[in-house]
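1. can't give you the sequence, but here's the structure:
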């Protein structure tokens with residue numbers, strides 16, 4: 001009887017948790033795009049503009065690394081910028097998710113972990129509606145393979161797990177260190193500049209490349225580009241590496257969030 005009651009309690013807890021996350025995601029999206037003309041598609045504007053800028057400045061210098069095609073350079077730059085934009089915006093907003101919702105946490109006793117999760121998931125919904133269809137179309141045009149389009153989902157899952165893990169870490173730390181978001185801007189910039197987004201990895205000196213590979217975004221962007229732009233069978237090692245990286249960071253982030261939870265709840 002006790003086992004049966006415990007099972008019902010777990011099901012009710014999971015259902016409540018799911019409803020909280022779903023409600024928060026809907027709220028985040030409505031607030032973010034209330035009165036907006038383009039809505040979710042504004043998320044494509046920044047990468048599109050930056051792609052144009054980088055193409056104008058570096059296109060001619062780097063097209064030899066992209067089979068002499070300016071279009072391939074633009075697609076490679078746009079793909080990298082879309083991923084970087086998703087990472088920086090989702091994690092920087094997840095960083096604030098606990099403190100800006102302190103009233104809800106204290107008055108309604110909602111699960112704290114739901115707030116960073118909902119923030120990352122709302123950006124993931126935005127990504128799946130805005131950028132993902134474009135990446136899928138380009139993949140199908142270049143590779144002419146449905147398998148490549150399906151394989152594209154795995155590094156994106158790795159990206160989402162990576163962002164969630166970092167979101168858990170940053171949101172927990174921000175409760176104690178309220179100037180952390182200034183420091184995190186520097187971290188985000190370093191991760192962006194150390195990832196071959198607008199420049200080819202081949203121009204980086206050989207002694208520096210192993211250091212750049214420590215950036216968890218590198219394997220994810222490399223995997224997505226290989227699937228979208230190479231017209232070859234998906235590189236299973238890159239896919240595994242991107243999912244493994246995201247999984248490790250998510251586990252570390254979740255544990256870190258739970259360990260600090262008894263200490264930061266009184267400060268929110």
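-> Happy to help now that I have it. Keep in mind that what you see is a predicted model, and the values were worked out from it rather than measured. Residues are numbered from 1 along each chain as shown.
2. residue boundaries of the helices in the stretch 51-200 of the chain?
-> Taking DSSP state H, counting those that start in this stretch, the helices of the stretch 51-200 of the chain run over residues 70-95, 102-107, 114-143, 146-151, 153-176, 180-193.
3. where does this structure dip in pLDDT?
-> Residues of the chain meeting the criterion pLDDT under 70: 1-12, 33-41, 108, 265-268.
4. the residue at minimal distance from the centre of it: what's it in contact with?
-> Residue closest to the mean C-alpha point of the chain, counted by Cα atoms, centre = their mean, is residue 87 at 3.8 Å. Contacts here follow Cβ atoms under 8 Å, 6 or more residues apart in numbering; on that basis residue 87 touches 159, 162-163, 188, 191, 217. The C-beta positions use only the backbone N, C-alpha and C, and glycine is treated the same way.
5. tell me which two in those residues are the farthest apart.
-> For those, the farthest-apart pair by Cβ to Cβ is 159 and 188; their separation is 14.6 Å.
6. between these two, which one's more packed in?
-> Applying other Cβ atoms under 10 Å to residue 159 and residue 188 shows that residue 159 carries more neighbours, namely 26 against 18.
7. excluding its backbone neighbours, what's nearest that one?
-> residue 220 (5.0 Å; Cβ to Cβ, 6 or more residues apart in numbering).
8. number of nearby residues for the one you found?
-> So residue 220, with other Cβ under 10 Å, has 29 neighbours.
9. correct me, but it touches residue 163?
-> No. Taking contacts as Cβ atoms under 8 Å, residue 220 lies outside contact range of residue 163: 10.1 Å.
10. burial count for residue 57?
-> Quick note: residue 57 (other Cβ under 10 Å) scores 11 neighbours.
11. which residues does it contact?
-> Contacts of residue 57 (Cβ under 8 Å, 6+ apart): none.
12. with respect to residue 72, which of the contacts of residue 87 is nearest?
-> Using Cβ to Cβ, residue 217 is the member of these that sits closest to residue 72, with 20.6 Å.
13. so who does that closest one touch?
-> By Cβ under 8 Å, 6+ apart, the residues touching residue 217 are 83-84, 87, 159, 162, 191, 195.
14. go with 7 Å
-> By Cβ atoms under 7 Å, 6 or more residues apart in numbering, the residues touching residue 217 are 83, 87, 191, 195.
15. a markdown table for those residues, including distance to residue 98?
-> A markdown table is the format used below for the contacts of residue 217 (distance: Cβ to Cβ, whole Å):
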| residue | distance to residue 98 |
| --- | --- |
| 83 | 25 |
| 87 | 19 |
| 191 | 22 |
| 195 | 27 |
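16. for ChimeraX, what selects the buried ones among those?
-> Only the buried entries of the contacts of residue 217 go into this ChimeraX selection, using 16 or more other Cβ atoms under 10 Å:
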select :83,87,191,195
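17. quick check: the two most widely separated of the contacts of residue 217?
-> Maximum pairwise distance in the contacts of residue 217, criterion Cβ to Cβ, is 10.9 Å, between 83 and 191.
18. quick one: the residue nearest to residue 55 when sequence neighbours are not counted from residue 25, how far?
-> Leaving aside its sequence neighbours, residue 55 sits nearest to residue 74 (Cβ to Cβ, 6+ apart; 5.3 Å). In this view, residue 74 and residue 25 are 32 Å apart by Cβ to Cβ, to the nearest Å.
19. same check on residue 67?
-> From residue 67 to residue 25 the distance is 41 Å (Cβ to Cβ).
20. which one of the two is surrounded by more residues?
-> Ranked by neighbour count (other Cβ under 10 Å), residue 67 and residue 25 place residue 25 first, with 20 against 9.
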